[in-house]
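1. the amino acid sequence is not available; the structure is as follows:
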């Protein structure tokens, strides 16, 4: 195998693709187009996602591997044995053959055995943590190993300050090498959409843009809130955009709550702008997040966001000004936020315009370019 200057490793295994993949894949693609030698290790899916094919066509050497553990449990709870898992061995072989200037681990939140492998072989590496959750904490043994190993990273990138702070609480130390990065977005930064008509007695159209996975995205919380009696007499419709491993569970949940005529599954839509040409507001009752693309993209399209107060949501969603914030991941809190949204439904257009101005003030012009420059600096350190 020829020399590879960068090796990207993703441990996403719950779906063929997701927002967490956009940053590393965009960086790998840009580096490859610049003539840099790049390899990437990803979990196996059949067929592979179109963006993986695009990477391969650009010259990125793709390693497809079969994962053995779920993301969080492998990251926080797995204790490496003398004989590594087959998946770890495959990646170790790739790194040994590539002799990279930098390994970029896109993980949720971290991949202990891979960090240990790089530290043991003195291979420069950075981590990119795309999400974290209060529901999974490392035990003392694992936390101690993270305290010893994470400072060896050139950088520990996080997509939200809240995720960084949570990680530092979980492992019991500050990370002086931590840095915040932004994920890229899939709409034009200057996008301008018309407002879907909403009269005083018109239908409020809500949209959820997320993987169909209640454990993380909180669909059950939202459905329970919308099943309250007072919502029965109101004109509204919720569309779920996306797919995932729990589609049938969600369909059954909708049916059991009597919401079949109010909630529809729209699947994947190629253009995010088309989603927001038809809907008035994003609802995101997530139990945990990083910095979700769906939220950023909705705000760029001048649509208000209703979200739970997790990760850095409170930094960009100001209740009643740019959206509506549920203070807890419960049906009661989401219902309260929905009630404020309904009360302000005739003001949603102006709230969305304020949201667009706020997010544009925060977003970098080109998050992928900025990330590539950071990686180049770390590779040359």
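-> That came through, no problem. Since the structure is predicted, the reported quantities are computational estimates derived from the model, not experimental observations.
2. pLDDT weak spots in the stretch 201-350 of the chain?
-> 201 (pLDDT under 70).
3. ok, 90 please
-> 201-202, 232, 244-245, 268-270, 290-291, 312, 315 (pLDDT under 90).
4. which stretches of it form strands?
-> 204-209, 236-241, 263-267, 281-284, 305-308, 323-326 (DSSP state E, counting those that start in this stretch).
5. who are the packing partners of the fourth one?
-> Secondary-structure packing of strand 281-284 (3 or more CB pairs under 8 Å, 6 or more residues apart in numbering; DSSP states H and E): strand 204-209, helix 293-300, strand 305-308. From N, CA and C alone the C-beta is placed, and that goes for glycine too.
6. as JSON lines, the ones you listed with mean neighbour count would be great.
-> What follows is these, written out as JSON lines (neighbours: other CB atoms under 10 Å):
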{"stretch": "strand 204-209", "mean neighbour count": "22"}
{"stretch": "helix 293-300", "mean neighbour count": "26"}
{"stretch": "strand 305-308", "mean neighbour count": "26"}
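7. nearest to residue 249 among these would be which one?
-> strand 204-209 (14.8 Å; CB to CB).
8. hmm, back to that, distance to residue 169 added to the helices and strands packed on strand 281-284, as CSV?
-> Converted to CSV, the helices and strands packed on strand 281-284 look like this (distance: least, CB to CB, whole Å):
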stretch, distance to residue 169
strand 204-209, 29
helix 293-300, 24
strand 305-308, 19
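9. closest to residue 38 out of those?
-> helix 293-300 (22.7 Å).
10. so what does the closest one touch, helix or strand wise?
-> strand 204-209, helix 272-278, strand 281-284, strand 305-308, helix 313-316, helix 348-362.
11. kindly recompute the last result at 6 Å.
-> Applying 3 or more CB pairs under 6 Å, 6 or more residues apart in numbering; DSSP states H and E, we find helix 293-300 packed against helix 348-362.
12. after the helix it packs on, next one along is what?
-> Later in the chain than helix 348-362, the nearest helix or strand by DSSP states H and E is helix 367-379.
13. the helices and strands packed on strand 281-284: which one's closest to residue 178?
-> So among the helices and strands packed on strand 281-284, helix 293-300 is nearest, using CB to CB, at 21.0 Å.
14. angle of the closest one against helix 367-379?
-> 130 degrees (axes from the mean of the first three to the mean of the last three CA atoms, to 10 degrees).
15. ok now helix 293-300, how far from the chain's centre?
-> 12 Å (CA atoms, centre = their mean, to the nearest Å).
16. for stretch 49-58, same thing?
-> Using CA atoms, centre = their mean, the offset of stretch 49-58 from its chain centre is 20 Å.
17. coming back round to it: include distance to residue 28 when you put the strands of the stretch 201-350 of the chain into JSON lines, please.
-> Formatted as JSON lines, the strands of the stretch 201-350 of the chain follow (distance: least, CB to CB, whole Å):
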{"stretch": "strand 204-209", "distance to residue 28": "24"}
{"stretch": "strand 236-241", "distance to residue 28": "26"}
{"stretch": "strand 263-267", "distance to residue 28": "27"}
{"stretch": "strand 281-284", "distance to residue 28": "28"}
{"stretch": "strand 305-308", "distance to residue 28": "30"}
{"stretch": "strand 323-326", "distance to residue 28": "33"}
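18. indicate which one of those strands is closest to residue 222.
-> Per CB to CB, nearest to residue 222 of these: strand 281-284, 5.9 Å.
19. strand partners of the closest one, parallel vs antiparallel please.
-> When sheet partners are counted by DSSP bridges, strand 281-284 sits next to strand 204-209 (parallel), strand 305-308 (parallel).
20. other residues contacting that strand?
-> Under the contact criterion CB atoms under 6 Å, 6 or more residues apart in numbering, strand 281-284 has outside partners 206, 207, 208, 222, 295, 298, 303, 304, 305, 306, 307.
21. please report how far the second one lies from residue 240.
-> What it means is residue 207. Between residue 207 and residue 240 the computed distance is 8 Å (CB to CB, to the nearest Å).
22. the fourth one now?
-> Going from residue 222 to residue 240 by CB to CB gives 9 Å.
23. please apply the same query to residue 274.
-> 15 Å.
24. the more surrounded of those two?
-> Comparing residue 274 with residue 240 by neighbour count (other CB atoms under 10 Å), the higher total belongs to residue 240, at 25 against 12.
25. wait, residue 20 sits on residue 129?
-> No: contact criterion CB atoms under 6 Å: residue 20 and residue 129 do not qualify, at 9.6 Å.
26. mind listing what's buried in stretch 126-145?
-> 126, 127, 128, 129, 130, 131, 132, 133, 138, 142, 143, 145 (16 or more other CB atoms under 10 Å).
27. among these, which ones are in strands?
-> Judged by DSSP state E, these include 126, 127, 128, 129 as members of strands.
28. could I get these as TSV with distance to residue 31?
-> As requested, these are exported to TSV (distance: CB to CB, whole Å):
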residue	distance to residue 31
126	14
127	18
128	15
129	21
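29. out of the residues you listed, who's nearest residue 336?
-> residue 129 (30.6 Å).
30. what segments of the stretch 1-150 of the chain are strands?
-> So, for the stretch 1-150 of the chain - with DSSP E, counting those that start in this stretch - the strands run 6-10, 38-43, 61-65, 102-107, 125-129.
31. between those strands, which one is nearest to residue 165?
-> That would be strand 125-129 among the strands of the stretch 1-150 of the chain, by CB to CB, at 11.7 Å.
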